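K.L.:
Okay, sequence plus prediction incoming.
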Amino acid sequence: MSTSRPALTLPRGAEAARVLGVGSTQPDRVVTNDDLAARMDTSDEWIRDRVGIVERRFADSDEGVVDMAVTAGAKALADAGVAPADVDTVIVPSCTMPSPIPNAAAQVADRIGIAAAGAFDLNAACAGFCYGLGVASDLIRAGSATRVLVIGAEKLTDVVDHDDRSTAIIFADGAGAALVGPSREPGIGPVTWGSAGDLVDMIYMRDDRYLFQEGQSVFRWATTQIAPVALRAVELAGLALSDIDVLIPHQANLRIVEAIAKRLRAKGARDDLVVADDIRYSGNTSSASIPLALDHMRAAGTVRSGDVILAVGFGAGLSYAAQVLVCP
Ligand code: UT7
């Protein structure tokens, strides 16, 4: 038996990582608040006032999580000008795959043409995109991956009881993607993440596979506990809140988004901070909501290349994650 063991070789990673491109997709079918009010005891006025949603998109039965992820992922590659052959890893944050096996990521990689990709799904519910972005950045810095496609993709309409007004008015479908690659200048700050598993009963999937949430409890948690997480991400990146140009919280409820922005302004965020309100026309799309908002805001010109963005996701688990990123 040898007394000395051979030294292992470790790869050298990139100095830093950044987002190279983004893309998104939503189903064609628009569902208005009046459409929902025709089915259940709710109203356009109540939904706009209490949640901020004007309309959302529902996928039809022939469009699944994988289909939406493929479209969003391919758009992110095109946006970055990177060929599928130059991508080696696909991560799909999602909590609405019809079954845990097979995962979405391997199918998405195959359909986009990324051969033999490292491919895995990641379930941190509505915090999934920020978790995925953090993992992607660190894989690249560690030398375990070169270019990583992160795609938040959800078909929440599959797991919503369409007669339950506490969930049916909020959730919707869509996918948003970011291609992450090596960079000399850091374009993605350190992720801060955490969980509160003792509060698991606040949001869960029932035995019948429909979502249950204690809306008011989640609302209180999100409006009090999430701004400090966002602030920590800014500090970890070595920045001040006044350096942040754009805030993209998970689009859970516009009143939650505004409450987080208000707390951050009280701590030094600028009055002219641009705050995502994509929920108005997209609804709550869980892990897709942050990249969907980013892509829509870029297209609208409210976020520009080089802007410093603060992203923070939170939801079932309970779980949360945040980081600073530079807009490509
Ligand atoms: O994405 C991940 C995590 N999820 C979230 O972050 C969701 C967090 N929670 C929420 O966004 C909100 O709690 C909800 C949108 C789910 C509910 O809004 P709320 O302002 O907390 O409503 P509430 O449950 O306190 O109900 C207020 C009133 C009640 O009537 P009374 O008792 O005051 O007469 C409800 O019966 O509004 C009534 N109500 C509705 N009315 C019309 C509750 N839901 C509806 C509805 N339409 N859909």
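P.N.:
That came in fine, so what should we check first?
K.L.:
From what I see, Leu254 and Gly52 are in contact.
P.N.:
Yes: the criterion here is CB atoms under 8 Å, and Leu254 meets it with Gly52 at 2.4 Å. Bear in mind the C-beta positions are built from the backbone N, C-alpha and C, glycine included.
K.L.:
if I look at those two, which residues touch both of them?
P.N.:
Shared contacts of Leu254 and Gly52, defined by CB atoms under 8 Å, 6 or more residues apart in numbering, comprise 277, 279-280.
K.L.:
from those residues, which is closest to the ligand?
P.N.:
Of all those, the ligand sits closest to Ile279, with 9.7 Å by CB to the nearest ligand atom.
K.L.:
got a list of what the closest one touches?
P.N.:
Ile279 makes contact with 51-53, 251-254, 257, 289 under the criterion CB under 8 Å, 6+ apart.
K.L.:
does whichever residue of the stretch 1-150 of the chain sits closest to the ligand sit in a helix, a strand or a coil?
P.N.:
Closest to the ligand within the stretch 1-150 of the chain is Thr42: 3.2 Å, counting by CB to the nearest ligand atom. What DSSP: H, G, I helix; E, B strand; the rest coil gives for Thr42 is coil.
K.L.:
which residue sits closest to it, ignoring its sequence neighbours?
P.N.:
Spatial nearest neighbour of Thr42, excluding adjacent residues (CB to CB, 6 or more residues apart in numbering): Arg165 at 5.0 Å.
K.L.:
Show me which positions of the lengthiest helix in the chain end up buried.
P.N.:
Longest helix in the chain, counting residues (DSSP state H): helix 215-236. For helix 215-236, the neighbour count (16 or more other CB atoms under 10 Å) marks 215, 218-219, 221-223, 226-227, 229-234 as buried.
K.L.:
Redo the residues you listed as CSV? Include distance to Val30.
P.N.:
Below are those laid out as CSV (distance: CB to CB, whole Å):
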residue, distance to Val30
Gly215, 24
Val218, 26
Phe219, 26
Trp221, 31
Ala222, 27
Thr223, 29
Ile226, 29
Ala227, 32
Val229, 33
Ala230, 31
Leu231, 36
Arg232, 37
Ala233, 34
Val234, 36
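K.L.:
so which of the residues you listed also contact the ligand?
P.N.:
215, 218-219, 222 (CB under 6 Å from any ligand atom).
K.L.:
what bridges to Trp193?
P.N.:
Taking DSSP bridges as the rule, Trp193 bridges to Ala321.
K.L.:
got the residues of the chain near the ligand?
P.N.:
Residues of the chain lying near the ligand (CB under 6 Å from any ligand atom): 42, 46, 50-51, 126, 165-166, 169-170, 203, 213, 215-216, 218-219, 222, 252-253, 256, 284, 315.
K.L.:
Got phi/psi on the nearest residue to Glu185 once chain neighbours are set aside?
P.N.:
The shortest distance from Glu185 to any non-neighbouring residue, by CB to CB, 6+ apart, is to Ala16 (6.4 Å). In terms of degrees, to the nearest 10, the main-chain angles of Ala16 are phi -160, psi 180.
K.L.:
thinking again about what came up before, let me know the closest of the buried residues of helix 215-236 to the ligand.
P.N.:
Using CB to the nearest ligand atom, Gly215 comes nearest to the ligand of these, at 2.8 Å.
K.L.:
Verify the stated contact: the closest one with Ser166.
P.N.:
Yes: between Gly215 and Ser166 there is a contact under CB under 8 Å: 5.4 Å.
K.L.:
before we move on, back to that, dump the shared contacts of Leu254 and Gly52 to a markdown table, plus secondary structure, pLDDT and distance to Met297.
P.N.:
Formatted as a markdown table, those follow (DSSP: H, G, I helix; E, B strand; the rest coil; pLDDT from 0 to 100; distance: CB to CB, whole Å):
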| residue | secondary structure | pLDDT | distance to Met297 |
| --- | --- | --- | --- |
| Asp277 | coil | 98 | 9 |
| Ile279 | helix | 98 | 12 |
| Arg280 | helix | 98 | 12 |
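K.L.:
circling back: and the buried residues of helix 215-236 as a markdown table, adding pLDDT and distance to Pro6?
P.N.:
Formatted as a markdown table, those follow (pLDDT from 0 to 100; distance: CB to CB, whole Å):
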| residue | pLDDT | distance to Pro6 |
| --- | --- | --- |
| Gly215 | 94 | 57 |
| Val218 | 97 | 52 |
| Phe219 | 97 | 56 |
| Trp221 | 97 | 50 |
| Ala222 | 98 | 50 |
| Thr223 | 98 | 54 |
| Ile226 | 98 | 47 |
| Ala227 | 98 | 50 |
| Val229 | 98 | 43 |
| Ala230 | 98 | 45 |
| Leu231 | 98 | 46 |
| Arg232 | 98 | 41 |
| Ala233 | 98 | 40 |
| Val234 | 98 | 43 |
